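J.: Predicted model, plus sequence, below.
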Amino acid sequence: VECFIAPSKFYAAQMRDKLKLADDRVRVIHNGINYTGYTADPVAPNPPVIGFFARLCKDKGLDTLIDAFIKLKTGNSIPQLRLKIGGGCRPMDEPFVERMRARLHAKALLGDVEFHPNLSREAKQAFLKSLSVLSVPAQFGESFGFYIIEAMAAGVPVVQPRCSSFPELIEMTGGGICYDHNGPESLADAIEKLLHNPSEAKAMGLKGREVVREKFSIQHMADQMATLYDELTPQTTEA
């Protein structure tokens, strides 16, 4: 193998260490998306909407976000706050989702939450556009997180734990904030601060959208891959 390609600096460092590779054996080329169809509203939704879009499972932190939502609703500092949950849901995930529904029902909050599993591409784009902020508080060591880039492509800021690839993506785009994860309370506090400044949050999301279109497009990724292939391919000269 001439070269290994990692989707983030975080993952490159992890794999260099695990495989005992020299620095120049691993290159970073960030993942890109096809941003066709992603549109953004110039103002934040009113009432505000927290969003989650990833596989509906514990590993992605859905239970943490639901507990943070319950805390915010209990404090009632953000009136009429709603939560939208979307993403892949396989048969093995359904018992977990039902437990989350029961947790919300026990707090009389199920009516403030929408579940949108297994959306089409177009429905996913509309879902993301409708959010005030997106958070997927995964703690397992996410190597990239397409949902971060997709939310920003829709002009939506993100709130992510300060771990894995999240700080890297947020620093590159300016499209969100990181928080120090100490359970749902720390997540609730970070989301609350952002939602108390909706115009600032929207500006953050729109800034992220510009960077995504420039640096995280599928075309930009393809160009970087082609450049690397050219660099690694032996050059021959005609006789």
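T.: The structure has been received and is ready for your questions. Numbers count the residues shown, from 1 in each chain.

J.: Going by C-alpha atoms from here, please, whenever you check contacts or count neighbours.
T.: Noted.

J.: Could you identify the helix or strand that succeeds the lengthiest helix in the chain?
T.: Using DSSP state H, we find that the single longest helix of the chain is helix 198-215. Using DSSP states H and E, the helix or strand that follows helix 198-215 in sequence is helix 218-232.

J.: Quick test: name the residue nearest the centre of this protein.
T.: residue 148 (2.4 Å; CA atoms, centre = their mean).

J.: quick one: that residue is in a strand?
T.: No. Residue 148 is assigned helix when assessed by DSSP: H, G, I helix; E, B strand; the rest coil, not a strand.

J.: let's number from 13 now, not from 1
T.: Taking 13 as the first residue, the last one we looked at is residue 160.

J.: Tell me the pLDDT of the nearest residue to it once chain neighbours are set aside.
T.: Excluding the flanking residues, the one nearest residue 160 by CA to CA, 6 or more residues apart in numbering is residue 170, at 6.8 Å. We note a pLDDT of 98 for residue 170 in this prediction.

J.: got the CA coordinates for stretch 199-212 in PDB?
T.: The C-alpha coordinates for stretch 199-212 follow below in PDB (Å, rounded to 0.1, in the frame of the first residue of the first chain):
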ATOM      1  CA  LEU A 199     -25.500  19.400  26.300                       C
ATOM      2  CA  ALA A 200     -28.700  21.200  27.400                       C
ATOM      3  CA  ASP A 201     -26.700  24.200  28.600                       C
ATOM      4  CA  ALA A 202     -24.800  24.500  25.300                       C
ATOM      5  CA  ILE A 203     -28.000  24.200  23.200                       C
ATOM      6  CA  GLU A 204     -29.800  26.700  25.400                       C
ATOM      7  CA  LYS A 205     -27.000  29.300  25.000                       C
ATOM      8  CA  LEU A 206     -27.200  29.000  21.200                       C
ATOM      9  CA  LEU A 207     -31.000  29.100  21.000                       C
ATOM     10  CA  HIS A 208     -31.100  32.300  23.200                       C
ATOM     11  CA  ASN A 209     -29.300  34.000  20.300                       C
ATOM     12  CA  PRO A 210     -31.300  32.800  17.200                       C
ATOM     13  CA  SER A 211     -29.800  35.400  14.800                       C
ATOM     14  CA  GLU A 212     -26.300  34.600  15.800                       C
END
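
J.: which residues sit against it?
T.: With CA atoms under 8 Å, 6 or more residues apart in numbering as the test, stretch 199-212 has contacts from 55-56, 60, 77, 80-81, 83-84, 90, 144-145, 171, 173, 191, 193, 213.

J.: on that earlier part again, who touches the residue nearest to residue 160 in this structure?
T.: 145-147, 160, 163-164, 187-189, 217.

J.: now with 6 Å?
T.: Contact analysis of residue 170 by CA atoms under 6 Å, 6 or more residues apart in numbering lists 145-147, 188.

J.: So for the residue lying closest to residue 161 once chain neighbours are set aside, what's the pLDDT?
T.: Nearest non-adjacent residue to residue 161, counting by CA to CA, 6+ apart: residue 224, 6.6 Å away. Residue 224 carries a pLDDT value of 97.

J.: for residue 13, same thing?
T.: 89.

J.: distance of it from residue 155?
T.: In this view, residue 13 and residue 155 are 21 Å apart by CA to CA, to the nearest Å.

J.: neighbour-wise, which of these two wins?
T.: Neighbours per residue (other CA atoms under 10 Å) separate residue 13 from residue 155, with residue 155 holding more: 17 against 4.
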